[in-house]
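J.: Just to be clear, the model below is a prediction. Sequence and coordinates:
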Amino acid sequence: MSEIARNHWDAAGYDERHSYVSRHGTGLIELLAARPAERILDLGCGTGHLAAQIAATGAEVVGVDSAPSMIQQARRNYPHLRFEVADGTDFSFAEPFDAVFSNAAIHWMRPPERVVECVSRALAPGGRFVAEFGGKGNVQMILNSIHTVLRRAGDCVPEERNPWYFPSIAEYTSLLEGNGLSVRLAVLFERRTLLDGGEEGMRNWLDMFAGSFLSSVPLSARTDVIAAVEDGLRSKLFRDDAWYADYMRLRVVAIKE
Ligand code: BEZ
């Protein structure tokens, strides 16, 4: 399951080779508009960079992530802030939050119903949920190329190996409203995202994020399989010596009734 896949991430590599993840979170922080002394939960905080930006507004931030390696790195990066290991599908806090914030993490958390239940329970009445993550159609070109290459090798890639949840606006807003969260904004938009690392960008992305799809591939064949996935994508996602990911973002703001 996705949370388990995330639990084993190489947090230092994540910081070194995937820094665009938190760079793209800056606009979402503006939408959050945290005020001094507000209590904010950063759900899926990774190595803590966005939690630190939120804390700089004077808000009291708690960052949670299911991956102990991420939390260790977040504590090293920002020793003055509070970070805890917690599962996005099963968390609770004694004190309610004024806002739950989440960037590029919710698509890893399944089942989504449990995540939204936990978010709703964690918010004070009138509190806001401000989130952005992969929505319907996210990384579809990358997925197609992985499927084509693995199918050629006789692997039909069972759905259980898909760690991601990329909902449509209709699906996700229904889920929010069914859990007492009144939707104020929901938008699905394309964001081709430049990957760090030049020629190695797609390889690094596949290594870091798509490991569960490649779990059937023996280590000795992995380099060739990744090269074949790259070949299938080169004409679409490689430009001027750089790789892009075909991200579709779902951005939502909802208020606890
Ligand atoms: C994303 O941010 O959309 C994403 C990142 C890694 C894997 C899948 C999706």
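T.: In hand now; what should we look at?
J.: ok, the residue of the stretch 101-250 of the chain found nearest the ligand to Asp241 distance?
T.: Closest approach between the stretch 101-250 of the chain and the ligand, counting by CB to the nearest ligand atom: Gly134, at 3.4 Å. All C-beta atoms are positioned from the backbone trio N, CA, C, and that covers glycine. As for Gly134, its distance to Asp241 is 26 Å (criterion: CB to CB, to the nearest Å).
J.: The two - which one has more neighbours?
T.: Gly134 (21 against 8; other CB atoms under 10 Å).
J.: For the nearest residue to the more buried one once chain neighbours are set aside, give me phi and psi.
T.: Nearest residue to Gly134 in three dimensions, chain neighbours excluded: His107, at 4.0 Å (CB to CB, 6 or more residues apart in numbering). Backbone torsions for His107, taken as degrees, to the nearest 10, come to phi -70, psi -10.
J.: about what we covered before: dihedrals phi and psi, the residue of the stretch 101-250 of the chain closest to the ligand?
T.: phi -70, psi 130.
J.: Wait, it touches Arg251, no?
T.: No: between Gly134 and Arg251 there is no contact, the gap being 11.0 Å when judged by CB atoms under 8 Å.
J.: Pull up the residues of the chain that are close to the ligand.
T.: Within reach of the ligand by CB under 6 Å from any ligand atom, the chain has these residues: Ala104, His107, Gly134, Asn138, Val139, Trp164, Phe209, Tyr247.
J.: Check the spacing between the closest residue to Gly48 other than its chain neighbours and Ala56 real quick.
T.: Of all residues not flanking Gly48 in the chain, Ala74 sits nearest, at 3.1 Å (CB to CB, 6+ apart). Using CB to CB, one obtains 15 Å as the distance from Ala74 to Ala56.
J.: higher neighbour count, these two?
T.: A direct count of neighbours by other CB under 10 Å for Ala74 and Ala56 places Ala74 higher, at 28 against 11.
J.: how about that one, what does it touch?
T.: Ala74 is in contact with Cys45, Gly46, Thr47, Gly48, Ala51, Gly63, Asp65, Leu81, Phe83, counting by CB atoms under 8 Å, 6 or more residues apart in numbering.
J.: Could you rerun that using 7 Å?
T.: Cys45, Thr47, Gly48, Gly63, Phe83 (CB atoms under 7 Å, 6 or more residues apart in numbering).
J.: pLDDT averaged over stretch 82-89, what's the number?
T.: Mean pLDDT, computed over stretch 82-89, is 98.
J.: Tell me if I'm right that Asp15 and Thr47 touch.
T.: Yes: the pair Asp15 / Thr47 is scored as a contact, 5.1 Å apart, by CB atoms under 7 Å.
J.: what touches both of these two?
T.: Gln73.
J.: Show me which of these two is the more surrounded one.
T.: Each of Asp15 and Thr47 has its neighbours counted (other CB under 10 Å); Thr47 has more, 30 against 20.
J.: Distance of the more buried one relative to Phe129?
T.: 22 Å.
J.: picking up where we left off before, next, count neighbours for the residue nearest to Gly134.
T.: 21.
J.: That one against Pro163, yeah?
T.: No: using CB under 7 Å, His107 makes no contact with Pro163, being 8.6 Å away.
J.: List the buried residues for stretch 174-191?
T.: Leu175, Leu176, Asn179, Gly180, Leu181, Val183, Ala186, Leu188 (16 or more other CB atoms under 10 Å).
J.: Which members of the residues you listed are the farthest-apart pair?
T.: Spanning the widest gap among the buried residues of stretch 174-191 are Gly180 and Leu188, at 22.8 Å by CB to CB.
J.: Surely Gly58 is in a strand?
T.: No: counting by DSSP: H, G, I helix; E, B strand; the rest coil, Gly58 is not part of a strand but coil.
J.: Off-centre distance for stretch 170-187?
T.: Centroid separation for stretch 170-187 versus its chain: 19 Å, with CA atoms, centre = their mean, to the nearest Å.
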